[in-house]
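A.B. asks: Okay, sequence plus prediction incoming.
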Amino acid sequence: MPPSALPTLLRLRRAAREESQAAVRRAEDERDAQAQKLSNIRAATADARASFDPTDTVSLVSYHEFRARQEVLERREAARLLQREREVEVKRTHHTARVRDELAIDHVIERKKTEAEREAQKRDHSRMDELGRRSGGQP
């Protein structure tokens, strides 16, 4: 691999990691927005329950129609929230695996670098020993 390839690969890995982190954040934001939407639906239902007049037939019928629509809406939005939560978990798992892979690759790169440095030191020592033997034998 050419020497200039390593910095490019590292930049690409960093960009992929950042994109993975951004995907997790986006999924969390979408999940939070969905949770807020569900909370608003539940609050509207509770407000309607508190404000209707049970002695007025028209009010009672209107409330029950509203309540039925809200129940359908709440179930649909709860299902969407569950889906968003699954998406967050999938993206987190993907990101965690990416980070683990990066750490493993970093470990391998560091080990190879250390081995190469040791080999270079051994070669230098061997050369110095050889030079010392040559110069030691000649006055």
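C.D. replies: Sure, I can see it. Numbering: from 1, shown residues only.
A.B. asks: can you give me the mean pLDDT across the lengthiest helix in the chain?
C.D. replies: Selection of the longest helix in the chain by residue count, based on DSSP state H, yields helix 57-137. Averaging pLDDT along helix 57-137 gives 90.
A.B. asks: So which elements touch that helix?
C.D. replies: Other helices and strands packing on helix 57-137, by 3 or more CB pairs under 8 Å, 6 or more residues apart in numbering; DSSP states H and E, are helix 5-51. Where C-beta positions appear, they are placed from N, C-alpha and C, glycine not excepted.
A.B. asks: orientation of the helix it packs on relative to helix 57-137 in degrees?
C.D. replies: Helix 5-51 and helix 57-137 are oriented at 160 degrees to each other (axes from the mean of the first three to the mean of the last three CA atoms, to 10 degrees).
A.B. asks: For helix 5-51, which helices and strands make contact with it?
C.D. replies: Packing partners of helix 5-51 (3+ CB pairs under 8 Å, 6+ apart): helix 57-137.
A.B. asks: Pretty sure residue 49 sits against residue 63.
C.D. replies: Yes: counting by CB atoms under 8 Å, residue 49 touches residue 63, with 7.4 Å between them.
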